[in-house]
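**Q** Pasting the sequence and the predicted coordinates here, then a few questions.
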Amino acid sequence: MKNKELAKRIKELRNRKGFSQEELSEKSGLSLRTIKRIENGETEARGDSLKRLAVAFNVNPDDLIDWAILEDNGFLTSLNLSALSFIVFPLLGIIVPLIIWISRKDKVRGVNEIAKEILNFQITWNMIFFIGVGSIMACAFFETRSIITETPSFLRLFTPMIFPAIMYLYNVTLIIINSINIYNDRKVHYYPKFRFIK
């Protein structure tokens, strides 16, 4: 591997982790001069230096050598579309994107930001969905017990199905719109969402 390529990767990873050169020097136990020489491509991190940098970045030395930020809108689009698994069961909209994100974390440009947007929205959506469905079921249960003789109207029969249908349609629509945005290199917008993952 050329010094310049490794230097670029180390500098990029340092910036992604939010470390200054001084902080990386402290965390790795390498001198500030060595860090500067590695990042300038004047020397290549090998053996002990490579291991120390890997520990500081919390990655394997092999990952550090192989690590490169890829521009992969196809992968980001697939990550976004994986949230459609909520259709089978709502919690899968959180679990499937989370697994995919963990598998490529820090290896594809923009994956962390997009994954956090998706997961924060899906967690919020699941909370609203389950609270809403639970409330509708509780209301329907108590209403049925209090008005036994009254014949349920057409609207009363289908109200419990309207809320989930609207929620599902909204979620699918946002996923499709954001998949198109990602594919066309535009920003992702999911609303509403609480920031559970920062």
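**A** Nice, I can see it. Residues are numbered from 1 along each chain as shown.

**Q** So what's the residue count around residue 85?
**A** 17 (other Cβ atoms under 10 Å). All C-beta spots, glycine's among them, are computed from the backbone N, C-alpha and C.

**Q** how near is it to residue 191?
**A** Residue 85 sits 21 Å away from residue 191, going by Cβ to Cβ, to the nearest Å.

**Q** Go ahead and report the secondary structure state at residue 135.
**A** Of the three states, residue 135 takes helix according to DSSP: H, G, I helix; E, B strand; the rest coil.

**Q** can I see the domain layout of this protein?
**A** 3-66, 73-183 (automatic domain parsing).

**Q** By mean pLDDT, show me the worst of these.
**A** Ranked by mean pLDDT, the domains of the chain end with domain 3-66 at the bottom, a mean of 82.

**Q** Nearest the geometric middle of this structure, what residue?
**A** residue 115 (1.6 Å; Cα atoms, centre = their mean).

**Q** Can you tell me the closest non-neighbouring residue to that residue?
**A** Nearest residue to residue 115 in three dimensions, chain neighbours excluded: residue 101, at 3.7 Å (Cβ to Cβ, 6 or more residues apart in numbering).

**Q** doesn't residue 119 make contact with the one you found?
**A** Yes - assessed by Cβ atoms under 8 Å, residue 101 is found in contact with residue 119 at 7.5 Å.

**Q** quick one: contacts of the helix or strand harbouring residue 101?
**A** Here residue 101, judged by DSSP states H and E, is contained in helix 92-104. The contact list for helix 92-104, computed with Cβ atoms under 8 Å, 6 or more residues apart in numbering, reads 75, 78-80, 82-86, 111-112, 115, 118-119, 122-123, 125-126, 171.

**Q** So how do I select the buried members of these in ChimeraX?
**A** The following ChimeraX line selects those of the contacts of helix 92-104 that are buried, judged by 16 or more other Cβ atoms under 10 Å:
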select :75,79,80,82,83,84,85,86,111,115,118,119,122,123,125,126,171
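
**Q** out of the contacts of helix 92-104, which are inside helices?
**A** Among the contacts of helix 92-104, the residues falling in helices (DSSP state H) are 75, 78-80, 111-112, 115, 118-119, 122-123, 125-126, 171.

**Q** Looking at these, spot the one nearest residue 39.
**A** Distance to residue 39, by Cβ to Cβ, is smallest for residue 112 among these, at 22.1 Å.

**Q** Give me the distance between that closest one and residue 100.
**A** For residue 112 relative to residue 100 (Cβ to Cβ), the value is 12 Å.

**Q** Extract the C-alpha trace of stretch 88-101 and format it as PDB.
**A** Listed next in PDB are the C-alpha coordinates belonging to stretch 88-101 (Å, rounded to 0.1, in the frame of the first residue of the first chain):
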ATOM      1  CA  VAL A  88     -44.000  -7.900   7.900                       C
ATOM      2  CA  PHE A  89     -43.800  -6.800  11.600                       C
ATOM      3  CA  PRO A  90     -43.300  -3.200  12.800                       C
ATOM      4  CA  LEU A  91     -40.100  -3.900  14.900                       C
ATOM      5  CA  LEU A  92     -38.300  -5.300  11.800                       C
ATOM      6  CA  GLY A  93     -38.200  -1.800  10.500                       C
ATOM      7  CA  ILE A  94     -35.700  -1.100  13.300                       C
ATOM      8  CA  ILE A  95     -33.900  -4.500  13.500                       C
ATOM      9  CA  VAL A  96     -33.100  -5.000   9.800                       C
ATOM     10  CA  PRO A  97     -31.600  -1.500   9.100                       C
ATOM     11  CA  LEU A  98     -29.700  -1.700  12.400                       C
ATOM     12  CA  ILE A  99     -28.000  -5.000  11.400                       C
ATOM     13  CA  ILE A 100     -27.100  -3.600   7.900                       C
ATOM     14  CA  TRP A 101     -25.800  -0.400   9.400                       C
END
